[in-house]
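Asker: the following comprises the amino acid sequence and a computationally predicted model.
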Amino acid sequence: MAINKIVETMEAAVAGIGDGATVLISGFGNAGSPTALCHALLDQGARDLVVVANNAGTGREGLAALMDAGRVRRIVCSYPRSGGSVVFEELYLADKLELELVPQGILSERMRAAAAGLGAIYSPVGVGTQLAEGKEEREIDGKRYVLEKPLKGDLALVEANLADRWGNLTYAKSARNFGPVMAMAADVTVAQARTIVGLGEIDPEIVVTPGIFVDRVVHVPTNAGGA
């Protein structure tokens, strides 16, 4: 049977995602943000979500729309207060949203640890600060490190530039950001792709995310805020 990971509807793209899921959502600001998939998840109805993202949404679309609808219980991110993060500020100040603040590099490395099947990593980032409170510390070769646990997703939502039916992906410049590591760190990865091409049309040398890490692909020709 031929492998074909392309789904025809947004409903099919996010089918089966349950309440309480941990969702990894790509994006650096608006660049590479899977806005259409976030709205599909909103329509799908999953609640009590834990979201892992670089920032806490912009305006009232995409991730911000999920939060505004009360679907997100907790967000793990690096930049909760960035330009346009109005929904986050409203919910956080009203004590309606939990926040775990994680330095950007550590956010990526914790997901990479999950992708690699590692139990945890030791990092010098945050030693002696509030970010290290309650975490195990260890001295290695005279230097202090903080134990950081893996960040694994039940679902990853990413935006790709090109995709084929096997799920191979490329990205557009800065829109790549966290997409590749999130795709590897989740049980189910769904990509919204601007362009679907035939097998063999993506040079294997430029494939960034191999199809082995992608479960579903949906065609979204344009994405507001993408780069």
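Answerer: Perfect, I can see it now.

Asker: immediately after the lengthiest helix in the chain, which helix or strand?
Answerer: The residue-count maximum for a helix in the chain (DSSP state H) belongs to helix 104-116. Once helix 104-116 ends, the next helix or strand along the chain (criterion: DSSP states H and E) is strand 121-123.

Asker: so how far is that next one off the chain centroid?
Answerer: With CA atoms, centre = their mean, to the nearest Å as the basis, strand 121-123 stands 21 Å off its chain's centre.

Asker: just the C-alphas of stretch 127-136, formatted as CSV.
Answerer: Extracted in CSV, the C-alpha atoms of stretch 127-136 (Å, rounded to 0.1, in the frame of the first residue of the first chain):
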residue,chain,number,x,y,z
VAL,A,127,22.1,28.4,38.0
GLY,A,128,21.7,30.7,41.0
THR,A,129,18.4,32.3,39.6
GLN,A,130,14.7,31.8,40.2
LEU,A,131,14.7,29.5,37.1
ALA,A,132,16.6,26.9,39.1
GLU,A,133,14.4,26.9,42.2
GLY,A,134,13.2,23.4,43.1
LYS,A,135,15.4,21.7,40.5
GLU,A,136,18.2,19.3,41.2
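
Asker: quick one: average pLDDT of the helix or strand hosting residue 67?
Answerer: Assigned by DSSP H and E, residue 67 belongs to helix 63-68. Across helix 63-68, the average pLDDT comes to 96.

Asker: using PDB, write out every CA atom in that helix.
Answerer: Extracted in PDB, the C-alpha atoms of helix 63-68 (Å, rounded to 0.1, in the frame of the first residue of the first chain):
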ATOM      1  CA  LEU A  63      -2.400  30.100  19.600                       C
ATOM      2  CA  ALA A  64      -3.800  33.200  21.100                       C
ATOM      3  CA  ALA A  65      -7.300  32.100  19.900                       C
ATOM      4  CA  LEU A  66      -6.900  28.800  21.700                       C
ATOM      5  CA  MET A  67      -5.900  30.600  24.900                       C
ATOM      6  CA  ASP A  68      -8.700  33.200  24.500                       C
END
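
Asker: most distant residue from the middle of this protein?
Answerer: The outermost residue of the chain, judged against the average C-alpha position, is residue 142 (35.0 Å), by CA atoms, centre = their mean.

Asker: any idea how far it is from residue 84?
Answerer: Distance, residue 142 to residue 84, by CB to CB, to the nearest Å: 44 Å. All C-beta spots, glycine's among them, are computed from the backbone N, C-alpha and C.

Asker: contact partners for the residue farthest from the centre of the chain?
Answerer: Under the criterion of CB atoms under 8 Å, 6 or more residues apart in numbering, residue 142 has no neighbours.

Asker: okay, it: pLDDT?
Answerer: pLDDT for residue 142: 96.

Asker: got it, and residue 88?
Answerer: Turning to residue 88, the model gives it a pLDDT of 95.

Asker: check which helix or strand covers it.
Answerer: Assigned by DSSP H and E, residue 88 belongs to helix 86-93.

Asker: by contact count, what packs against the very next helix or strand once past that helix?
Answerer: Using DSSP H and E, the helix or strand that directly follows helix 86-93 along the chain is strand 98-101. Applying 3 or more CB pairs under 8 Å, 6 or more residues apart in numbering; DSSP states H and E, one finds that strand 98-101 contacts strand 72-77.

Asker: could you report the neighbour count for residue 132?
Answerer: Counted with other CB atoms under 10 Å, residues neighbouring residue 132 total 18.

Asker: kindly report the same for residue 128.
Answerer: Residue 128: 10 neighbours (other CB under 10 Å).
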